[in-house]
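A.B. asks: have a look at this prediction, sequence included:
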Amino acid sequence: MERVNEFELPYRGGDRGVKYLIRGPRLDWGVILMRPGDRLAAHYHAQVEETFYVVRGRGVIKCEGVSHALIAGDAYRMEPGDDHEIECGPDEELKLVFIKTPYLPDDKVDL
């Protein structure tokens, strides 16, 4: 068994950004906190599928060039190879949970 607590771990960007809670051996998962105007740059994963769950806030996820609204309660799953990017809405923070499987930490391809 492994225990983690979100509030005991730092965001990669200081007060926001990506925060990994579990890294391997079979999956990655964590949270992303975005402030108004923040953007997660376009990328894809060659072999990894990635799922996002919106905890709070609003934003837009663009997958394969098509924009979709993000609202609390939504879940979106990306197949390997699906290029995607996320933008926080203008009025409030956006918090998401992400899950990536299988665990291949070097699988991300930036666009």
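C.D. replies: Received it, and whenever you're ready, just let me know what you need. Numbers count the residues shown, from 1 in each chain.
A.B. asks: what's the end-to-end length of stretch 11-24?
C.D. replies: One end of stretch 11-24 sits 18 Å from the other (Cα to Cα, to the nearest Å).
A.B. asks: hmm, I was thinking of stretch 52-63
C.D. replies: Start-to-end span of stretch 52-63 (Cα to Cα) is 12 Å.
A.B. asks: would you mark the buried spots in stretch 69-80?
C.D. replies: Within stretch 69-80, the residues that count as buried by 16 or more other Cβ atoms under 10 Å are L70, Y76, M78. Quick note: C-beta positions are derived from backbone N, CA and C, even for glycine.
A.B. asks: can you put the residues you listed in JSON lines and add distance to G14, secondary structure and pLDDT?
C.D. replies: Below are the buried residues of stretch 69-80 laid out as JSON lines (distance: Cβ to Cβ, whole Å; DSSP: H, G, I helix; E, B strand; the rest coil; pLDDT from 0 to 100):
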{"residue": "L70", "distance to G14": "23", "secondary structure": "strand", "pLDDT": "97"}
{"residue": "Y76", "distance to G14": "26", "secondary structure": "strand", "pLDDT": "97"}
{"residue": "M78", "distance to G14": "26", "secondary structure": "strand", "pLDDT": "97"}
